[in-house]
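Trainee: Sequence first, predicted model second:
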Amino acid sequence: MANLPRPSWLPRAMRWTGITVIVLLVLALISWLAVPPVAKHLVEQQIEAQIGRKATVGKIAFNPFTLTLTASDFTLYEPDKTTAAFSAKTLLINASSASLFRLAPVLNEARLVNPNLHLVRTSADGIGRYNFSDVIDRILAMPKSDKPTLF
């Protein structure tokens, strides 16, 4: 068998493929390590800033290859900051890879495991006030541009 000369573009293509794979793996490693603590801090901080309630998240895990975010032991507290108003054992968000191309969230799955809601009517005169009415009042009082949106 004769040794055929390699095309001149082949070494360059192999080098760029290797660099691309290494960059993608480094980005995946960074996102796998950095997203959970940053997301946990932002969730807890933003919920308190936006609705005035304390929230805690036990653990957040992120898989950059499947675009899956899992939050465990989420609790949203009453204004007294000790009684749980809402809690969930696990929240799983599975994003589609179309999210990367559309630059907007596209979800394949959202799963809430063991949700618990503590609902109390605080008005005896029939006005319709509940233990979450302060959150609704606070969101409605925000300027339209500042209101939290899902998408």
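Mentor: Cool, got the structure.
Trainee: In the chain, which strand is the longest?
Mentor: Determined from DSSP state E, the single longest strand within the chain is strand 84-95.
Trainee: residue contacts, residue 111?
Mentor: 90, 91, 92, 94 (CB atoms under 8 Å, 6 or more residues apart in numbering). Heads up, the C-betas are built off the backbone N, CA and C, glycines and all.
Trainee: Identify the bridge partners of the second one.
Mentor: In this structure, residue 91 bridges to residue 71, residue 112 when assessed by DSSP bridges.
Trainee: residues near it, how many?
Mentor: Neighbourhood size, residue 91 [other CB atoms under 10 Å]: 18.
Trainee: Look up how far residue 15 lies from it.
Mentor: With distances taken as CB to CB, to the nearest Å, residue 91 is found 42 Å from residue 15.
Trainee: likewise the last one?
Mentor: Using CB to CB, residue 94 is found at 35 Å from residue 15.
Trainee: circling back to that earlier point, show me how to select, in ChimeraX, the buried members of the contacts of residue 111.
Mentor: Those of these that count as buried under 16 or more other CB atoms under 10 Å are selected in ChimeraX with:
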select :90,91
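Trainee: so where's this structure uncertain?
Mentor: 1-2, 4-7, 124, 126, 146-151 (pLDDT under 70).
Trainee: Strands of that one, start to end?
Mentor: Assigned by DSSP E, the chain shows strands spanning 55-56, 59-63, 68-77, 84-95, 107-113, 116-117.
Trainee: List the buried residues for the third one?
Mentor: It refers to strand 68-77. Neighbour counts over strand 68-77 (16+ other CB under 10 Å) mark 69, 70, 71, 74, 76, 77 as buried.
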